[in-house]
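Trainee: Need a 3D model of the following:
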Amino acid sequence: MRENLPQWDFVIASYVIGIAAIVALVIWSWQAMRRAEKRRDDVRRK
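Mentor: Now for the predicted structure:
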């Protein structure tokens, strides 16, 4: 007797992982941009 695994579980899991990775990348990039802008402003003030 063999149990059939539902494929949609894997499809949904891959979408969740992909969306989470994109969100994490956007947040990381935004924070890096803010740090770079702050460094630029600090250099301009000196």
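Trainee: which parts of stretch 6-21 are buried?
Mentor: Within stretch 6-21, no residue is scored as buried using 16 or more other Cβ atoms under 10 Å. Placement of C-beta: from N, CA and C, glycine included.
Trainee: average model confidence for it?
Mentor: Confidence for stretch 6-21, expressed as mean pLDDT, is 94.
Trainee: quick one: secondary structure of residue 5?
Mentor: Using DSSP: H, G, I helix; E, B strand; the rest coil, the structure places residue 5 in coil.
Trainee: What's the separation between it and residue 11?
Mentor: For residue 5, the distance to residue 11 equals 12 Å [Cβ to Cβ, to the nearest Å].
Trainee: just residue 19 next, same as before
Mentor: Relative to residue 11, and taking Cβ to Cβ, residue 19 is found at 13 Å.
Trainee: try residue 29
Mentor: Distance from residue 29 to residue 11, by Cβ to Cβ: 27 Å.
Trainee: Kindly report the same for residue 25.
Mentor: 21 Å.
Trainee: before we move on, what about residue 46?
Mentor: 54 Å.
Trainee: Residue 32 now?
Mentor: Counting by Cβ to Cβ - residue 32 and residue 11 are separated by 32 Å.
Trainee: repeat for residue 43
Mentor: On the measure of Cβ to Cβ, residue 43 and residue 11 end up 48 Å apart.
Trainee: how about the helices in this protein?
Mentor: 7-45 (DSSP state H).
Trainee: could you list every residue that touches the residue positioned nearest the centre of it?
Mentor: With distances taken as Cα atoms, centre = their mean, residue 24 lies nearest the centre of the chain, 2.2 Å away. Residues in contact with residue 24 (Cβ atoms under 8 Å, 6 or more residues apart in numbering): none are found.
Trainee: So for it, what pLDDT did the model give?
Mentor: At residue 24, pLDDT is 98.
Trainee: go on, the one 4 residues further on?
Mentor: The predicted local distance difference test score for residue 28 is 98.
Trainee: ok, it - how many residues close by?
Mentor: Using other Cβ atoms under 10 Å, residue 28 has 10 other residues around it.
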